[in-house]
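**Student:** I'd like to go over a predicted model; first the sequence, then the structure.
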Amino acid sequence: MKTNLSKAFAELRKAGYFAKQNYLCCQSCGWASMTEEEADNAVFYHNQDHRSFKKGDDLALCWSGNGYQIFYILKKHGLDVVWDGSQFKRIIVKNESVI
């Protein structure tokens, strides 16, 4: 059974984003592994984020592209999302909202 987070990532891919969960070891490796085109519209969290999430922490997403579109797709799937609208801040998915 897919979580609401997995469903949101599937919709992000349909919207043209390079969207991966538990993608590589860290943010630097994640960005470095993408083509320039993929990196223009991308959403992912890496293994370090995933481990913290499994321990109960919120999930910080790395992203590029239209932050508002990403935010609304996540919200559409019932996720509690925190983001201040800054392109320099990661989008946060509250742990308890992932079902």
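**Tutor:** Okay, I see it.
**Student:** From now on I want contacts and neighbour counts done on CA atoms only, so please keep to that.
**Tutor:** OK.
**Student:** Now do the helices in the chain.
**Tutor:** Secondary structure of the chain, counting by DSSP state H: helices at 4-14, 27-33, 36-40, 47-54, 67-76.
**Student:** Any chance of JSON lines for the ones you listed, columns mean neighbour count and distance to residue 94?
**Tutor:** Formatted as JSON lines, these follow (neighbours: other Cα atoms under 10 Å; distance: least, Cα to Cα, whole Å):
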{"stretch": "helix 4-14", "mean neighbour count": "18", "distance to residue 94": "11"}
{"stretch": "helix 27-33", "mean neighbour count": "14", "distance to residue 94": "19"}
{"stretch": "helix 36-40", "mean neighbour count": "14", "distance to residue 94": "24"}
{"stretch": "helix 47-54", "mean neighbour count": "16", "distance to residue 94": "9"}
{"stretch": "helix 67-76", "mean neighbour count": "17", "distance to residue 94": "11"}
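**Student:** got these as CSV, with distance to residue 88 columns?
**Tutor:** Shown next, in CSV, are the helices of the chain (distance: least, Cα to Cα, whole Å):
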stretch, distance to residue 88
helix 4-14, 20
helix 27-33, 14
helix 36-40, 14
helix 47-54, 18
helix 67-76, 10
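**Student:** nearest to residue 90, of the ones you listed?
**Tutor:** Closest of the helices of the chain to residue 90 is helix 67-76, at 9.4 Å (criterion: Cα to Cα).
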